[in-house]
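*Asks:* when you get a sec, could you give me coordinates for this:
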Amino acid sequence: MLGPRAAPRTTRRALGRHAAGPAFAVEQSLAEWEPWGGESAAAPRITLDTVQPLGVNVGRRSRSSAHESRAARGCRVLILLPPSETKRPGGIEGTRLDLAALSFPELTPQRRALVEALRVGARDEAATMTALKLGPTQAGEVRRNRSIRTSPVMPAIDRYDGVLFDALDAATLTPAQRAFAGRHVAISSAAFGLTGALDPLPAYRLSHDSRLPGMRLGAIWREPLTKLLASTTGLILDLRSEAYAALGPVPDRPNALYVRVVSEDGSGRRRALNHFNKAGKGAFVRRMLEAGRVHECAESLLAWAEDSGCGCSGAPSAELDLVV
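*Replies:* Alright, predicted model coming up:
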């Protein structure tokens, strides 16, 4: 069962005068940017934590980057997280969205189409609020979409807010732990499909059940995400919600596992959790990042979970139970 962390907390450090909310322990470096895949050359690029998230170089790129990304995808373990509805505001001063800096570059055409649809659609505030199922006090979300291409960015793992990401507490990870997240954690997104944990993202609003004129998110994402995940040869741990898992199902194979968060009563009877499952997932991923171990198979993961008291159990097949 997951318990309190014993690791000491590191000091949080703010970046840039545009950073708001919790501070983010990342390094900023601005340099020349070379366009790739048709993106505007006016955008600066950033290097975060000086690592290559999920095998994708976020610095100077070539047209062979997609092939390099696919080759690097045999990273032996890939942890899939859901996004959050809420996003932290702000970002790193002097930056903006650069689709060429994101992991999984084969998703760029879909990302470009959705970003443009969000930006243009936000000109009609009333229609956008209806499409995104926003209430009367959430007009600021529409303004975020209107400036999605020009607002400052921050790493995805810091951008997302809410119960899961509060429990993960990325701002207090060490540089080595953040680097591990950059190599092994991917976060689902209705707007970007799937991104690396350290990919630089702006604040935006789009959910799995949002309705954009002439666009169905399921039709846009299901085929490319399914193909992308099928090309991943290592262990996949799917901690996404059912709705985001449906946008891009993991392959049907023994080392692609869905993690179900449950509680257990005194008789050993288990039941699935709703709201509290998010905190359990965040705490579990935090423990994995702190351990920094790469598990090549479910048996390795289960043995580690038992030794570390994480409460993860089950047959090493399609589904694992995380007891909280």
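*Asks:* is it correct that F180 falls within a helix?
*Replies:* Yes - in this structure, F180 lies within a helix as judged by DSSP: H, G, I helix; E, B strand; the rest coil.
*Asks:* what's the burial count for it?
*Replies:* For F180, the neighbour count with other C-beta atoms under 10 Å is 21. Placement of C-beta: from N, CA and C, glycine included.
*Asks:* so what's it scoring on pLDDT?
*Replies:* Note on F180: pLDDT of 96.
*Asks:* residue ranges with poor pLDDT in the chain?
*Replies:* Low-confidence segments of the chain (pLDDT under 70): 1-75, 262-275, 311-321, 323-324.
*Asks:* for it, what's the longest helix?
*Replies:* helix 276-291 (DSSP state H).
*Asks:* pull out the buried positions in it.
*Replies:* 277-291 (16 or more other C-beta atoms under 10 Å).
*Asks:* check stretch 228-237 too.
*Replies:* For stretch 228-237, by 16+ other C-beta under 10 Å, it's L228, L229, T232, G234, L235, I236, L237.
*Asks:* okay, how far is it across that stretch, tip to tip?
*Replies:* Using C-alpha to C-alpha, to the nearest Å, the end-to-end distance of stretch 228-237 comes to 15 Å.
*Asks:* which other residues reach that stretch?
*Replies:* Defining contact as C-beta atoms under 8 Å, 6 or more residues apart in numbering, one finds that stretch 228-237 is touched by 70, 73-80, 104, 106-107, 193-194, 248-251, 255-257, 259, 295-298, 301, 320.
*Asks:* pretty sure A279 sits against D169.
*Replies:* No - judged on C-beta atoms under 8 Å, A279 makes no contact with D169 at a distance of 11.1 Å.
*Asks:* considering the buried residues of helix 276-291, which is situated nearest to R88?
*Replies:* G282 (14.9 Å; C-beta to C-beta).
*Asks:* what sits closest to the closest one if chain neighbours are left out?
*Replies:* A167 (2.9 Å; C-beta to C-beta, 6 or more residues apart in numbering).
*Asks:* do you know how far L81 is from G162?
*Replies:* Here the criterion is C-beta to C-beta, to the nearest Å. By it, L81 lies 11 Å from G162.
*Asks:* the two - which one has more neighbours?
*Replies:* L81 (27 against 17).
*Asks:* quick one: classify the residue nearest to the more buried one when sequence neighbours are not counted as helix, strand or coil.
*Replies:* Nearest non-adjacent residue to L81, counting by C-beta to C-beta, 6+ apart: I187, 4.8 Å away. Here I187 takes the strand state, with states given by three-state DSSP.
*Asks:* I187 contacts S84, doesn't it?
*Replies:* No - between I187 and S84 there is no contact under C-beta under 8 Å: 9.2 Å.
*Asks:* so what sits against both of the two?
*Replies:* Y160.
*Asks:* inside strands: which ones of the buried residues of stretch 228-237?
*Replies:* Counted as lying in strands by DSSP state E, out of the buried residues of stretch 228-237, are L235, I236, L237.
*Asks:* for the last one, which non-adjacent residue is spatially closest?
*Replies:* Taking C-beta to C-beta, 6+ apart, and ignoring the residues beside it in sequence, L237 has I79 as its nearest neighbour in space, at 4.9 Å.
*Asks:* next one: P175 from L198, what distance?
*Replies:* Going from P175 to L198 by C-beta to C-beta gives 11 Å.
*Asks:* the two - which one has more neighbours?
*Replies:* L198 (29 against 14).
*Asks:* what segments of the stretch 1-150 of the chain are strands?
*Replies:* 30-31, 45-46, 77-81 (DSSP state E, counting those that start in this stretch).
*Asks:* the residue nearest to G282 belongs to a strand?
*Replies:* No - looking at A167 with three-state DSSP, it is helix, so not inside a strand.
*Asks:* so what's it up against?
*Replies:* Per C-beta under 8 Å, 6+ apart, neighbours of A167: K278, A279, G280, K281, G282, A283, R286.
*Asks:* go again using 6 Å as the cut-off
*Replies:* Residues near A167 by C-beta atoms under 6 Å, 6 or more residues apart in numbering: A279, G282, A283.
*Asks:* ditto for S84
*Replies:* Contacts for S84 (C-beta under 6 Å, 6+ apart) come out as Y160, D161, G162, F165.
*Asks:* CSV please, covering those and showing secondary structure and distance to R119.
*Replies:* CSV is the format used below for the contacts of S84 (DSSP: H, G, I helix; E, B strand; the rest coil; distance: C-beta to C-beta, whole Å):
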residue, secondary structure, distance to R119
Y160, strand, 20
D161, coil, 22
G162, coil, 24
F165, helix, 25
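*Asks:* would you format these as a markdown table with distance to P89 included?
*Replies:* Formatted as a markdown table, those follow (distance: C-beta to C-beta, whole Å):
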| residue | distance to P89 |
| --- | --- |
| Y160 | 12 |
| D161 | 9 |
| G162 | 14 |
| F165 | 14 |
